[in-house]
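Chemist: Sharing a model that was predicted from the sequence below.
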Amino acid sequence: MAKEASIAPKERVNIVYKPAVGDAKEEVELPLKVLVMGDFTMEADDTPIEDREAVNIDKDNFNDALKSYNVKLDAMVENKLSDEPDDEMRVELDFNSLSDFNPDAIVEKIPELKKLVELRNALKAVKGPLGNIPEFKKRLNELVTDPGAKERILKELGIEE
């Protein structure tokens with residue numbers, strides 16, 4: 001006997017409940033609903049739990065709910081861009097929508113990373129048409145390996161080393 005298909009949309013997680021009371025054989029399908037509780041503000045709140053309001057979040061209002069809570073991250077992280085050990089840099093991120101968690105969006109918010117990506121994109125643009133010219137490759141290699149020339153290029157691009 002083939003099992004009946006679910007009546008709910010397939011993108012929803014449902015739980016099939018089989019009662020174990022008496023001779024009941026009927027299966028009941030219930031939508032999965034999750035209540036998440038926690039201290040996500042990192043601030044003191046003396047409001048009793050029973051007086052706090054639950055927030056209903058779904059796919060249609062997720063970005064609005066995220067924006068209303070003004071989610072931010074201010075942290076000191078290990079600076080992997082520096083040659084100095086134990087060097088740290090301040091990272092300040094704010095999240096107003098789900099797309100703000102995208103790595104490209106995070107890079108846009110950190111000036112040091114944004115400069116590196118811009119430099120990378122500029123080098124990729126140059127590499128395309130000029131990458132096949134041996135003379136250009138040789139000259140570019142000389143510029144990168146010469147500390148004085150490298151310093152002048154970084155200064156001209158506005159990047160401090």
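Modeler: Received the coordinates, thanks.

Chemist: I'd like to know how far the residue at minimal distance from the centre of the chain sits from T47.
Modeler: Geometric centre of the chain, nearest residue: F101, 2.5 Å, by Cα atoms, centre = their mean. Using Cβ to Cβ, to the nearest Å, F101 is found at 28 Å from T47. All C-beta atoms are positioned from the backbone trio N, CA, C, and that covers glycine.

Chemist: what do you get for A54?
Modeler: As defined by Cβ to Cβ, A54 lies at a distance of 13 Å from T47.

Chemist: again, but for N121
Modeler: Separation of N121 from T47 (Cβ to Cβ): 48 Å.

Chemist: K25 too?
Modeler: 46 Å.

Chemist: before we move on, what about I110?
Modeler: For I110, the distance to T47 - Cβ to Cβ - is 35 Å.

Chemist: For those two, indicate the residue with more neighbours.
Modeler: Neighbour count, other Cβ atoms under 10 Å: between I110 and T47, I110 has more, with 18 against 8.

Chemist: Could you count how many residues lie near the spatially closest residue to the more buried one that is not a sequence neighbour?
Modeler: Nearest residue to I110, sequence neighbours excluded (Cβ to Cβ, 6 or more residues apart in numbering): V91, at 6.0 Å. The number of residues packed around V91, counting by other Cβ under 10 Å, is 16.

Chemist: swap in E160?
Modeler: Counted with other Cβ under 10 Å, E160 comes out at 8.

Chemist: give the contact list for it.
Modeler: L154 (Cβ atoms under 8 Å, 6 or more residues apart in numbering).

Chemist: Regarding the chain, what is its longest helix?
Modeler: Of all the segments of type helix in the chain, defined by DSSP state H, the longest one is helix 111-130.

Chemist: which parts of whichever helix or strand comes after that helix are buried?
Modeler: Remark: after helix 111-130, the chain's next helix or strand is helix 134-145, criterion DSSP states H and E. Counting neighbours by 16 or more other Cβ atoms under 10 Å, one finds that the buried residues in helix 134-145 are L140.

Chemist: Now helix 134-145: average pLDDT?
Modeler: Mean pLDDT, helix 134-145: 78.

Chemist: Can you name the next helix or strand after it?
Modeler: helix 147-157.

Chemist: how far off helix 134-145 does that following helix point, in degrees?
Modeler: Between helix 147-157 and helix 134-145, the angle comes out at 90 degrees (axes from the mean of the first three to the mean of the last three Cα atoms, to 10 degrees).
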